[in-house]
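sequence and predicted structure are below.
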Amino acid sequence: MTTENVEILIVGAGPSGSVAAGYLHRQGIKVKVVEKTKFPRIVVGESLIPRVMDHFEEAGLMPALQAQNYEQKWGARFIRGEEVCIFDFSEKFSKGWDWTWQVPRADFDLAVADELINMGIDLEFESEVMAVEFDGTQSTTTIRDKDGQIKKVQAQFLIDASGYGRVLPRLLNLDEPSRLNPHSAIFTHIKDINRPEGREGTLISFDILETQVWLWVIPFSNGNTSVGIVGPTVFIEQLSSDASTATALRNAIALSDYYIQRFGTLPFIFEPIKLSNYSKAVKQMYGQGYSLTGNSSEFLDPVFSSGVCFATESGMLSAKLALRQLRGEAVDWEVEYADYMKEGIAVFTTYIQEWYTGNLQELFYHKPENPDVKSKICAVLAGYVWDKENPFVLKHDKVIKNMAHLIKLEKENQEK
Ligand code: FAD
């Protein structure tokens, strides 16, 4: 059996592991990435938010990604019957990126992985982590490679970016139930031959079918569009209990007055995939010699496309802290990592919960629009959830509830 030595081992070549790998390699660290599958592989998480651009930049990935000509995402549209609310990231309150991309993740993750390999990073596909043993901060990871050979990798630090593989949460019993109500989704890609010209055709949209049920429409520059239905697990189960996922998604599209004409009869590119009870949480986000990043730590909900952003934020921060630790500096993982990540997670958790109570939807569709309120919510939707200058970040736990309450009172007064 072979044993390799690296400074940092990264499990998983999704966005979280990739930004960590790119950053560490640029700092001169000997890093290895092990990835269970062979890319391209289908994965969900196609609507990015602007904050991720900071991480791709720091990881040295921007030139390679820019060359791919992905569809630019400058905002998002939320449709509710006749009502429409569009957020334009250039009008957001916080400083930072005004745009990002909407990407077919199979291609995107492959482009990222190719670039990491071009940089000289040792990225091994079809290599699955089977076990990990810790001796202080040192770890020995057992891997089964594509030929079925078992080998060991010793590392001074391990970043678990294994997504729903949840390598360390499973091995160390770190899973915890999510605070969010159980929701599920079904999605596929469609060759979008009825796509309208201009922004109408390319704008990312969320069509609210019921307060807790919505359809996503994410057009790609390759002419395909991702279409998915999200709702409480009981709703998705009813939709799909006696039917294939294809019939279930077809029936869901038929519920959308806005999109039935565009997608109603078009064939699905792949059998729609169902993701049941997708929210995940962990008891702890780090331990001696390791950190959990991206979906291996926490995943909330797709409604505001926060998943990849948290994956890259936690991947990048873990990489920076692990680097400092390797260089002999003291790192307070509780404060500098767990507390920091939990602050951002708490903000998005509030927005997601208030979305599903309907309170946030009251703010979105209140007329006349308040540009000041909108710009502050827009900054949150762009992923700038650590900007304490933004009262919609600082007082997230109260501000939406209070404003929705005032709107309801106003409506009641108008009806009297
Ligand atoms: P992943 O991208 O899942 O990568 C993890 C990698 O680890 C995988 O390639 C896997 O093969 C590998 N791996 C697993 N186990 C092992 C092992 N034992 N050994 C080696 N490698 C292993 N996010 C958004 O930002 N925008 C969206 O529009 C969006 N929509 C979503 C819709 C739904 C229904 C769901 C459920 C999620 C959505 N997300 C979205 C979330 C997004 O998919 C994830 O947050 C994001 O992909 C997490 O990135 P990651 O790098 O942590 O994990």
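Received it, and whenever you're ready, just let me know what you need.

stretch 263-283: which residues count as buried?
Neighbour counts using 16 or more other Cβ atoms under 10 Å place 263, 266, 268, 272, 274-275, 278-282 of stretch 263-283 among the buried residues. (C-beta placed from N, C-alpha, C; glycine too.)

of all these, which two lie farthest apart?
Greatest spacing in the buried residues of stretch 263-283, by Cβ to Cβ: 266 and 282 (39.3 Å).

interface residues of the protein facing the ligand?
Within the chain, the positions adjacent to the ligand are 11-17, 34-37, 43-48, 128-129, 161-165, 167, 185, 275, 278, 294-296, 299, 302, 305, 307-309, 311 by Cβ under 6 Å from any ligand atom.

shaky segments in this structure?
Within the chain, no range satisfies pLDDT under 70.

can you tell me which residue is spatially central in it?
What sits nearest the mean C-alpha location of the chain, by Cα atoms, centre = their mean, is residue 307, with 1.7 Å.

do you know how far the residue lying closest to that one once chain neighbours are set aside is from residue 245?
Excluding its sequence neighbours, the residue lying closest to residue 307 (Cβ to Cβ, 6 or more residues apart in numbering) is residue 45, at 5.1 Å. Distance, residue 45 to residue 245, by Cβ to Cβ, to the nearest Å: 18 Å.

in terms of neighbours, single out the busier of the two.
residue 45 (21 against 18; other Cβ atoms under 10 Å).

dihedrals phi and psi, residue 63?
Phi and psi for residue 63, reported as degrees, to the nearest 10, are phi -60, psi -40.

ok, how many other residues are close to it?
If you count neighbours by other Cβ under 10 Å, residue 63 ends up with 9.

next, count neighbours for the residue in the stretch 1-150 of the chain positioned nearest to the ligand.
Nearest residue of the stretch 1-150 of the chain to the ligand (Cβ to the nearest ligand atom) works out as residue 14 at 2.2 Å. Using other Cβ under 10 Å, residue 14 has 28 other residues around it.

residues contacting the nearest residue to it once chain neighbours are set aside?
Spatial nearest neighbour of residue 14, excluding adjacent residues (Cβ to Cβ, 6+ apart): residue 163 at 5.3 Å. By Cβ atoms under 8 Å, 6 or more residues apart in numbering, the contact set of residue 163 is 12, 14, 16, 43, 294-296, 311.

ok, now with 10 Å
Applying Cβ atoms under 10 Å, 6 or more residues apart in numbering, we find residue 163 in contact with 11-17, 36, 43, 45, 280, 293-296, 299, 307, 311.

so which of the buried residues of stretch 263-283 sit within strands?
274-275, 281-282 (DSSP state E).

was I right to think residue 57 contacts residue 97?
Yes: the criterion here is Cβ atoms under 10 Å, and residue 57 meets it with residue 97 at 9.0 Å.

between the two, which one's more packed in?
Just comparing residue 57 and residue 97: by other Cβ under 10 Å the higher neighbour count belongs to residue 97, 19 against 15.

what are the boundaries of the strands in the stretch 251-400 of the chain?
For the stretch 251-400 of the chain, applying DSSP state E, counting those that start in this stretch gives strands covering 273-275, 281-282, 286-287, 290-292.

looking at the ones you listed, which is nearest to residue 373?
In terms of Cβ to Cβ, the element of the strands of the stretch 251-400 of the chain nearest to residue 373 is strand 281-282, at 30.0 Å.

tell me what that closest one is packed against?
If you count contacts as 3 or more Cβ pairs under 10 Å, 6 or more residues apart in numbering; DSSP states H and E, strand 281-282 packs onto helix 167-171, strand 175-176.

got a list of contacts for that strand?
If you take Cβ under 10 Å, 6+ apart as the criterion, strand 281-282 is touched by 166, 168-169, 172, 174-180, 292, 296-300, 345.

can you flag the buried ones in these?
If you count burial by 16+ other Cβ under 10 Å, the buried members of the contacts of strand 281-282 come out as 166, 168-169, 172, 174, 178, 180, 292, 296-300, 345.

partners of the helix or strand containing residue 218, with directions?
Residue 218 is located in strand 213-219, with elements delineated by DSSP states H and E. Strand 213-219 pairs in its sheet with strand 205-210 (antiparallel), strand 224-232 (antiparallel), by DSSP bridges.

ok, now how distant is the residue nearest to residue 382 when sequence neighbours are not counted from residue 314?
Spatial nearest neighbour of residue 382, excluding adjacent residues (Cβ to Cβ, 6+ apart): residue 50 at 4.4 Å. From residue 50 across to residue 314, the span is 17 Å (Cβ to Cβ).

what's the answer for residue 382, then?
18 Å.

and for residue 3?
Per Cβ to Cβ, residue 3 is found 29 Å from residue 314.

counting neighbours, go ahead and name the busier of the two.
Between residue 3 and residue 314, residue 314 has the larger neighbour count (other Cβ under 10 Å), namely 30 against 9.

check contacts around residue 304.
Going by Cβ under 10 Å, 6+ apart, residue 304 touches 47, 49, 76, 206, 348, 351-352, 355, 360, 377, 380-383, 385.

in the longest strand out of those in the chain, what's buried?
In the chain, assigned by DSSP E, the strand with the most residues is strand 150-160. Of the residues in strand 150-160, 151, 153, 155-160 count as buried by neighbour count, 16+ other Cβ under 10 Å.

and which of these is nearest to the ligand?
Relative to the ligand, the closest of those is residue 160; by Cβ to the nearest ligand atom it sits at 8.9 Å.

doesn't residue 291 make contact with that closest one?
Yes: judged on Cβ under 10 Å, residue 160 makes contact with residue 291 at a distance of 7.1 Å.

now for these two: what residues contact both?
Applying Cβ under 10 Å, 6+ apart, one finds that residue 160 and residue 291 are jointly contacted by 168, 297, 318.

grab the nearest non-local neighbour of the first one.
The spatially closest residue to residue 168, leaving aside those adjacent along the chain, is residue 160, at 4.3 Å (Cβ to Cβ, 6+ apart).

contacts only, for that neighbour.
Contacts for residue 160 (Cβ under 10 Å, 6+ apart) come out as 9-12, 16-17, 129, 132, 166-169, 171-172, 174, 286-287, 290-294, 296-297, 318.

give me the phi and psi for residue 257.
With angles defined as degrees, to the nearest 10, residue 257 sits at phi -60, psi -30.

count of neighbours near it?
Look at residue 257: counted by other Cβ under 10 Å, it has 12 neighbours.
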